[in-house]
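A.B. asks: Predicted model and sequence follow; I will ask about them next.
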2 protein chains.
Amino acid sequence: MDIVKELLAGSRLALARAITAVENEDDTAIAIMQQIYANTGKAYVIGITGPPGAGKSTLTDRLAKEFRRQGKTIGIIAVDPTSPFSGGAILGDRIRMNELTLDEGVFIRSMGTRGSLGGLSGKTADVVKIMDASGKDVVFVETVGVGQSEVDIVKAADTTVVVLVPGLGDDIQAIKAGILEIGDIFVINKADRDGADRLNNELAMMLDLNSSKSDWRPPINKTVATAGTGIEELLVTIEEHINHMKNSDGIANRRRARTRDELLFLLEERIKRHVAAQIAASGRLDSLVDSIEQRERDPYSVVAELLNSFLR
Amino acid sequence: MDIVKELLAGSRLALARAITAVENEDDTAIAIMQQIYANTGKAYVIGITGPPGAGKSTLTDRLAKEFRRQGKTIGIIAVDPTSPFSGGAILGDRIRMNELTLDEGVFIRSMGTRGSLGGLSGKTADVVKIMDASGKDVVFVETVGVGQSEVDIVKAADTTVVVLVPGLGDDIQAIKAGILEIGDIFVINKADRDGADRLNNELAMMLDLNSSKSDWRPPINKTVATAGTGIEELLVTIEEHINHMKNSDGIANRRRARTRDELLFLLEERIKRHVAAQIAASGRLDSLVDSIEQRERDPYSVVAELLNSFLR
C-alpha cells in the first residue's frame, strides 16, 4: 500500500491519514496495521496520566522539548476518555498553539471516545504503533485519569508518569490503588501551591504501604510545569527509569504482557463482530428479545443456546 | 434454591447474599439470576449521575425519603467506577449514617469496580434485577459521572437524572454530548452558589442545540439538597417523566433496548470466557505471543487463525 510506504518513509500526511483510518475503523485500517507491524517496537513509550487540571499537557510539552534538544523525534497522543471529540480540534489546537506545533520533529494528535472505552484503549495502542513505525523515537500517551479507562490506556507505555496536584481534594484527586500501581514515577505539579508537602508525604506513605517486590521504587518529583521548574530533574528521573527498564528484564516483560493483552483484546473484538454479524444474519434477535421481555424465557438460557450455535 | 425463595419473600439477608453472589461471580450467581428473572420488571429504576462532589448521595437520600412517604419501598445502588471498593463500607456507611439506614423499607448497597468497567455495568444491571425481584418499588442507581462508564451504568434506568453543580469548572463539569444525551431531567444542585444562573443558561442552550426528535424536553430543576430546597419540585418532575414514559411507548422501548443490549453483552462475556479457557487449554498462547514479539508474525493474522479454530 502506498500509505504504508509513505508512512515508513516518514511522511506526516501518511501518518495523519493512517491514524484517521484506525480511528474511523476504515476498511484499510487492519491492512495498514498488519503491514507496519514488523516496523514497530523501536519507539520508547511514555505515559502521562492524572486528574483533570493537573497540568499534564504543559508537562508533556516541556518534556517533549527536552527530548527534542537531544535530537529525538516525538509523537504525542492526547487521549480524553470523557470527550467525544477526536482529531486536532480540541486538545491539540486549543492548548498547544505553541512552537511545538511548528516543529517538524513533533507530531501531536488528540483522541476522544467515539464509542466504547475498550475501543479507545485499543485504538490508542494502534496509534502508538503507527507513530512508532513512522520513526518517532519517543511517543507520549497523555490521558486524563478518571478510573479504569486511563489504566487501560497507559498499558501502552514503557514508563508511566502519574501527575498529581495539591488542593484538588480527595474526591477528585483519587490517589487510589489503581493509580499507585500504574505509576513508575510520580510528579507533584503546581508544587508551589499550598498543600504540596502534605501531598508529598501522603503519597510517600501510600507508596511505602504499596511497595511491591519490584526493584524500582517509584520516585516523587516536584514541578511547576508552566514555569519550567523541575523539568530537567524529571527528565533525569525518566531517563533513570528507561535505563532501569532496559538493563533489567523490565521492558521485555512489560512489552510481552502488553502483546499478550492486545492479542486477547483483538481476538475478543473480532469475536464480538462475528457474533453480531451472525445474529443479524439469523434474524432471530428480535423474537429472542421479545420472549425475554415477556418473561417467557430468561437471558441466561437464551445465551446458552446461542453459544452452542456459534462455538466449536 | 432457598435463597431465591427467601429473596422473593422479601428477606433482607437473602437480598444481601444474592447481591454478594453476583458481585463475587459465585457459582450460584447465574442460577439465582435465572430463577428470579420471571419476577423482575416491576420496579421503577431511577438513575442519578453527575460529577464527583455534585451532591448525588444527598439528593438520592432526599428523594428516597419522599418516595418512602408515599409508602414505596426503595433500593439504592451507589456505584463508583473509580473505586476498587464494594459493599457497605465506603459509600454506604460513611455518607449514609442517617435515618434511611434504619428504615426497613430501604436497602442501600455500594458497588465499586473490582475489574473491568464492563463487568461493573453488567453487575449493576443484575443488582437492579435482584432488588426488583425482592419487591422494591423504586430502585435508584447512583453513579459518579466520569465518562463512558456512567453512560453504560445508567442504561439500567427508566428515568435518568443528571446532577450538575455551579463552579466546578469546565474541565471537571464536562457538560458533554454523552451526558446531555442520557439526561431525562437535569438538576443544578447547590443552586445557592455563585454561577447557578450561568450554568442554567449554558445548559438550556446546550439542550436546545441538542434537542432531538423526542417529545420529552429535559427540564432543568434547581435544588439545595442539603437544605431540602427544591426536592418536592424535583419529585414532581420525576413523576411527570415516569407518567410520560408509561403513557408513551417510552418505557417499553427503553426496556426492550436494554434487554437487547444485556443479551448481547452476556453473550460476549460467555464467549470471552470460553475462548480464554480454550486458549489456556491449547497451551499455544505463549508461543504465539513470542512469535509476535519477535515480529515473525503480526497479531492480526494470528487472531484470524484463532478465530477459525474457535468459531463455527
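C.D. replies: It's in.

A.B. asks: Walking through chain A, point out its strands one by one.
C.D. replies: Assignment of strands within chain A using DSSP state E yields the ranges A:44-50, A:74-80, A:106-112, A:138-144, A:159-164, A:185-188, A:220-222.

A.B. asks: Give me the mean pLDDT for the last one.
C.D. replies: Confidence over strand A:220-222, taken as the mean pLDDT, stands at 96.

A.B. asks: Mind pulling up the pLDDT for the closest residue to A:E66 other than its chain neighbours?
C.D. replies: Here the nearest residue to A:E66 in space, its sequence neighbours aside, is A:L235; by Cβ to Cβ, 6 or more residues apart in numbering or on different chains that works out to 4.8 Å. Just so you know, the C-beta spots here come from the backbone N, C-alpha and C atoms, and that holds for glycine as well. Per-residue pLDDT puts A:L235 at 96.

A.B. asks: Can you give me the neighbour number for A:L235?
C.D. replies: 18 (other Cβ atoms under 10 Å in any protein chain shown).

A.B. asks: That one and A:A64 touch, don't they?
C.D. replies: No: using Cβ atoms under 8 Å, A:L235 is not in contact with A:A64; the gap is 10.6 Å.

A.B. asks: how much space is there between the residue nearest to A:E66 and chain B?
C.D. replies: To chain B, A:L235 is 26 Å away according to Cβ to the nearest Cβ, to the nearest Å.

A.B. asks: For that residue, give me its contacts.
C.D. replies: A:63, A:66-67 (Cβ atoms under 8 Å, 6 or more residues apart in numbering or on different chains).

A.B. asks: gap between it and A:D27?
C.D. replies: 42 Å (Cβ to Cβ, to the nearest Å).

A.B. asks: Pull the distance from stretch A:290-306 to the chain's centre.
C.D. replies: 38 Å (Cα atoms, centre = their mean, to the nearest Å).

A.B. asks: Okay, buried residues for that stretch please.
C.D. replies: For stretch A:290-306, the neighbour count (16 or more other Cβ atoms under 10 Å in any protein chain shown) marks A:292-293, A:297-300, A:302-303, A:306 as buried.

A.B. asks: In helices, which of the residues you listed appear?
C.D. replies: Among these, the members falling in helices (DSSP state H) are A:292-293, A:299-300, A:302-303, A:306.

A.B. asks: So which of these is the closest to A:V4?
C.D. replies: Of all these, A:L306 has the smallest distance to A:V4: 38.4 Å, by Cβ to Cβ.

A.B. asks: on that earlier part again, need the strands of chain A in CSV (columns: distance to A:N253).
C.D. replies: Formatted as CSV, the strands of chain A follow (distance: least, Cβ to Cβ, whole Å):
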stretch, distance to A:N253
strand A:44-50, 15
strand A:74-80, 23
strand A:106-112, 27
strand A:138-144, 19
strand A:159-164, 14
strand A:185-188, 18
strand A:220-222, 24
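
A.B. asks: Turn the ones you listed into CSV, including distance to chain B and mean neighbour count.
C.D. replies: Output for the strands of chain A, formatted as CSV (distance: least, Cβ to the nearest Cβ, whole Å; neighbours: other Cβ atoms under 10 Å in any protein chain shown):
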stretch, distance to chain B, mean neighbour count
strand A:44-50, 12, 25
strand A:74-80, 9, 26
strand A:106-112, 9, 23
strand A:138-144, 9, 27
strand A:159-164, 14, 27
strand A:185-188, 18, 24
strand A:220-222, 22, 19
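
A.B. asks: low-scoring pLDDT stretches of chain A, where are they?
C.D. replies: A:81-99, A:113-118, A:145-150, A:168-178, A:210-213, A:312 (pLDDT under 70).

A.B. asks: Do a quick rundown of the helices in it.
C.D. replies: Using DSSP H, the helices of chain A run over residues A:2-8, A:12-23, A:28-36, A:56-69, A:91-95, A:117-133, A:148-153, A:170-173, A:177-182, A:196-210, A:231-247, A:250-282, A:285-293, A:299-310.

A.B. asks: Please work out which of the ones you listed is packed deepest.
C.D. replies: For the helices of chain A, the largest average neighbour count (mean count of other Cβ atoms under 10 Å in any protein chain shown) is found in helix A:148-153, namely a mean of 25.

A.B. asks: Please consider this matter closed, and thank you.
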